[in-house]
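*Asks:* Generate a structure from the sequence data that follows.
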Amino acid sequence: MKRALLILVILLMASASLFAGGDKESSSSGAPVKITVEIYDRGSDGGRTNPANNAWTNWIHDKVLRDLNIDVTFVPVGRWSETTDIVNLLASNSAPDLCYTYNRDMLDQFGPQGGILDLAPYVKKFLPDMIKLLGTDPALGGDLIWRDQKPDTKKMYSVTNYVTYLPRKNIFIRKDWLDKLGLPLPKTTKEFHDALVAFRDKDPGNVGRNNVVPFGQDSDARWGFSPIIYTYFTNKKGGRDEWINFFTDTPIGMPGYKEGVRVINQWYNEGLIYKDFPLMKVPTDFWNLLKSGRVGAFGGNWDLPFRTDNRINEDLARNVPGAKFVPVDAIEGPDKSYFKEISDKPGMRIFIPASSKNPEAALRYLNWLCKFENFNYLQIGNPGVNHDLVDGIPKAKGATGQWIMNSANNIDYTMPINGIELLNAEKNVRVIAFNYGNTPPADIINAYNISVNKGKAPTVRVATETKLPLVSQTLRDKAEALLAQAIIAPTADFDRVWDAGYRDWLASGAQDVINERSTLWKK
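*Replies:* The predicted structure follows:
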């Protein structure tokens with residue numbers, strides 16, 4: 001009787017193992033389960049180490065083995081050839097058990113074909129810490145981890161990681177010029193415009209009235225002017241209008257966009273905008289213009305003048321002692337409201353190939369990466385080697401030798417997170433503020449806060465259009481050309497130039513895309 005009962009228990013245990021999906025993960029007393037994990041290979045320049053075999057991978061291997069009884073081996077994949085490399089590995093059924101990619105088209109291709117595991121049935125059981133870490137979806141609501149679930153089939157071929165820093169753009173102005181004229185930092189569009197007029201007429205930098213550039217801009221007008229133009233949108237909540245019209249980098253179909261461009265056209269004809277901006281196509285030429293001391297204001301990346309690679313504020317102050325660009329929160333639309341873009345929270349996608357022999361072990365490892373004690377050490381490293389504590393905040397320092405980080409904050413190893421995560425938004429910003437050389441951290445924190453103040457996450461729909469890829473480059477080129485032509489047109493010709501160019505843009509395929517996206521929105 002006892003022997004029969006023992007046989008029954010063994011059979012039930014075997015059946016339960018099969019029902020669980022055949023994962024070979026053992027208990028802590030059994031043999032370790034082996035999994036392979038993708039890691040980006042960024043080359044060895046700058047003292048980088050072997051991405052698959054270094055002090056960090058050894059630490060991960062040993063701790064995961066102790067914590068989960070899982071034996072992790074990293075498989076290097078070229079960072080800049082990742083799409084080709086991963087496609088080849090998937091096609092040959094030899095991809096690592098756990099992978100990541102920035103190429104969502106590849107996931108949409110291989111997923112429905114059965115090449116990628118549907119993660120939807122696994123999330124709640126195996127990724128509880130990841131659910132908490134990713135938090136809410138600012139665009140769709142609910143838990144961010146479900147962002148990639150297909151609304152029709154409910155299948156989910158990837159989970160997203162998330163970006164901890166979401167600012168995009170700012171408007172900057174010369175604080176020293178304002179001080180010389182006795183003007184405060186502008187707080188409204190009118191005050192900002194009045195400051196530009198004062199720069200033009202009074203030449204506070206003594207560069208010569210013919211040399212003053214009240215507002216500097218390069219050929220990428222859609223980016224630099226967007227913090228101004230977007231405030232004229234008539235629907236600042238976005239929704240349907242935004243999703244249908246933001247299918248190129250220059251959303252000229254968005255209701256109100258034309259009126260925002262009209263304002264820039266008026267400023268251009270008042271002599272407030274850099275006259276030759278359409279010809280300035282080399283970024284370094286524009287940076288040199290900003291450094292020359294001739295420019296009073298400009299729009300661009302939220303931290304552009306503080307970056308240590310182009311050194312705009314640093315070189316400007318060297319050329320003009322006391323000169324400094326600072327961000328302003330001044331541009332509001334005619335309804336006194338904003339449309340400030342912030343980045344979408346999701347970043348790269350994490351997935352498991354259908355060929356994985358141990359998907360559950362791979363998911364347990366992914367969840368392990370979402371525990372603070374694990375990702376925090378990987379991000380900040382060893383005190384005195386990778387960071388020093390400044391008022392309780394880790395300030396990164398350049399390690400050499402075995403503890404060098406091949407990617408910033410080891411983001412290639414901390415799969416679920418792109419950026420430092422201290423579980424406190426204020427502390428996260430204070431960390432990034434240390435990364436700008438001699439710029440006071442308070443200046444970076446101020447720029448960050450202005451950029452995200454009243455910021456809006458993009459409208460997102462989980463659907464794929466079919467017509468856009470056929471015409472995307474044409475529409476992008478025509479939209480950017482129209483924007484430049486409309487800005488430099490005589491004010492009396494603005495409507496004629498804009499309307500003709502817009503009709504041509506619609507006829508070149510934009511109307512088909514708009515019609516298609518309108519239909520998809522209804523679905």
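*Asks:* In this protein, which helix is the longest?
*Replies:* helix 468-488 (DSSP state H).
*Asks:* Flag every buried residue along that one.
*Replies:* By neighbour count with 16 or more other C-beta atoms under 10 Å, helix 468-488 contains the buried residues 468, 471-472, 475, 478-480, 482-488. Every residue, glycine included, has its C-beta placed from N, CA and C.
*Asks:* What is the nearest of the residues you listed to R174?
*Replies:* I487 (22.1 Å; C-beta to C-beta).
*Asks:* before we move on, the earlier item: out of the buried residues of helix 468-488, who's nearest L389?
*Replies:* Distance to L389, by C-beta to C-beta, is smallest for E480 among those, at 46.5 Å.
*Asks:* Against G299, how distant is that closest one?
*Replies:* From E480 over to G299 the distance is 16 Å, taken as C-beta to C-beta, to the nearest Å.
*Asks:* and the longest helix of the chain, what does it pack onto?
*Replies:* When contacts are defined as 3 or more C-beta pairs under 8 Å, 6 or more residues apart in numbering; DSSP states H and E, helix 468-488 packs onto helix 221-224, helix 257-269, helix 494-505, helix 511-522.
*Asks:* Output the shortest one in CSV with nothing but the alpha carbons.
*Replies:* Yep, that's helix 221-224 we're talking about. Taking Å, rounded to 0.1, in the frame of the first residue of the first chain, the C-alpha atoms of helix 221-224 are listed here in CSV:
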residue,chain,number,x,y,z
ALA,A,221,13.1,73.8,-37.5
ARG,A,222,10.5,71.2,-36.5
TRP,A,223,12.5,70.5,-33.3
GLY,A,224,13.7,73.9,-32.2
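*Asks:* For the next helix-or-strand element following it, name the packing helices and strands.
*Replies:* The C-terminal neighbour of helix 221-224 among helices and strands, as given by DSSP states H and E, is helix 226-229. Contacts defined by 3+ C-beta pairs under 8 Å, 6+ apart place helix 226-229 against strand 169-174, helix 257-269, strand 297-301.
*Asks:* Could I get these in JSON lines, plus columns for distance to T57 and mean neighbour count?
*Replies:* JSON lines is the format used below for the helices and strands packed on helix 226-229 (distance: least, C-beta to C-beta, whole Å; neighbours: other C-beta atoms under 10 Å):
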{"stretch": "strand 169-174", "distance to T57": "37", "mean neighbour count": "24"}
{"stretch": "helix 257-269", "distance to T57": "49", "mean neighbour count": "19"}
{"stretch": "strand 297-301", "distance to T57": "33", "mean neighbour count": "23"}
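*Asks:* Relative to A52, which of these is closest?
*Replies:* Nearest of those to A52, taken as C-beta to C-beta: strand 297-301 at 33.3 Å.
*Asks:* Name the surrounding residues that touch the closest one.
*Replies:* Residues from elsewhere that reach strand 297-301 (C-beta atoms under 8 Å, 6 or more residues apart in numbering): 168-174, 192, 195-196, 199, 214-217, 223-228, 290, 307, 325.
*Asks:* Convert the C-alpha atoms of it to PDB, please.
*Replies:* These are the backbone C-alpha positions of strand 297-301, laid out as PDB (Å, rounded to 0.1, in the frame of the first residue of the first chain):
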ATOM      1  CA  ALA A 297      17.600  82.600 -27.200                       C
ATOM      2  CA  PHE A 298      17.000  79.200 -28.900                       C
ATOM      3  CA  GLY A 299      15.000  76.000 -28.500                       C
ATOM      4  CA  GLY A 300      16.400  72.500 -28.300                       C
ATOM      5  CA  ASN A 301      17.100  69.400 -26.200                       C
END
